[in-house]
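Colleague: Just to be clear, the model below is a prediction. Sequence and coordinates:
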Amino acid sequence: MVWTLISASPSPYARKVRIALAEKGIPFELRTEVPWDQTTVTPQYNPLEKLPVLILDDKTAIYESHYILEWLEAKYPKPALLPPDIDDRLFAKKVEVVCDGMCDAMVIAFFERMREPEKQSEPWKARQMRKVDGGLRQLNTWVDERQGQYLIGDRLTIADLAIAAFLGWFAIRWSEHPWQSTYPNLRQYWEGLEELEHFKTTRPSPQTMKDQVV
Ligand SMILES: N[C@@H](CCC(=O)N[C@@H](CS(=O)(=O)O)C(=O)NCC(=O)O)C(=O)O
């Protein structure tokens, strides 16, 4: 019996977990869903009705991507996806906070845009996009300070997973945004990660939602 990961084809949050499981050599069945559709099983496993959800052999459900990664790191520490130094470990988690927050802002803005035009709040949408632009600026600063292919030290960490998961999704969700020309070093760092084996096999793709959400 192998674990099941409930995922969605565009999900940046789920992509972090997919890459972490693959890097740690943990076999799992991928169950791709649209969590917005009535047909989803996500609410049966997560009271917050969000994917990703990792379902273990005994049907225990682990959810919230940053917690799933923390759980995996604690239970299956090798190969490590966090650096050995405590300050570097905390920095890697801070990078994940910024990337997850940018994803959250994009999701909020996306659904605001699904409302009838007269019901959309321009200030609310502008506030979400400020978070994305501020986050991109911060990622670029951090990436400019890196020494090599990875953000922290000489190995892959959850910081790299979080940044690639956001940028890979952002590149398909908002392809006309100028970040790749504004921040060429950030683009080059991201392109380098996308060439890695478990990034190639987890590339995001759009999904079609059937049911009304807002
Ligand atoms: N903080 C959560 C966010 C997860 C999330 O928002 N997932 C979306 C799907 S996706 O945006 O990742 O594709 C979801 O299930 N949304 C359903 C809902 O919010 O009810 C995490 O990090 O796991």
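Modeller: Looks like it came in fine. Note that this is a predicted model, so its numbers are computed, not measured. Residues are numbered from 1 along each chain as shown.

Colleague: Give me the pLDDT for residue 213.
Modeller: Per-residue confidence at residue 213 stands at 87 (pLDDT).

Colleague: Show me what from the protein comes close to the ligand.
Modeller: 8, 10-11, 13-14, 35, 49-52, 64-66, 100, 107 (CB under 6 Å from any ligand atom). In short, each C-beta sits where N, CA and C put it, glycine included.

Colleague: now with 8 Å?
Modeller: Contacts of the chain with the ligand, taken as CB under 8 Å from any ligand atom, map to 8, 10-14, 16, 35-36, 42, 48-52, 63-68, 100, 103-104, 107, 207.

Colleague: Buried among these? Make that a ChimeraX selection.
Modeller: The ChimeraX selection below is limited to those of the residues of the chain next to the ligand classed as buried (16 or more other CB atoms under 10 Å):
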select :8,10,11,12,13,14,16,35,36,42,50,51,52,63,64,65,66,68,100,103
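
Colleague: Where does residue 135 fall, secondary structure wise?
Modeller: In the assignment (DSSP states H and E), residue 135 maps to helix 122-144.

Colleague: on that earlier part again, show me the residues of the chain next to the ligand that map onto strands.
Modeller: Taking DSSP state E as the definition of strands, the residues of the chain next to the ligand contribute residue 63.

Colleague: This structure: helices as residue ranges?
Modeller: Ranges of helices within the chain are 12-23, 42-45, 65-75, 86-112, 122-144, 158-173, 179-182, 184-194, 197-200, based on DSSP state H.

Colleague: Mind putting these into a markdown table with distance to residue 58 and mean pLDDT?
Modeller: A markdown table is the format used below for the helices of the chain (distance: least, CB to CB, whole Å; pLDDT from 0 to 100):
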| stretch | distance to residue 58 | mean pLDDT |
| --- | --- | --- |
| helix 12-23 | 18 | 98 |
| helix 42-45 | 13 | 97 |
| helix 65-75 | 14 | 98 |
| helix 86-112 | 28 | 97 |
| helix 122-144 | 38 | 98 |
| helix 158-173 | 26 | 97 |
| helix 179-182 | 43 | 98 |
| helix 184-194 | 34 | 98 |
| helix 197-200 | 26 | 98 |
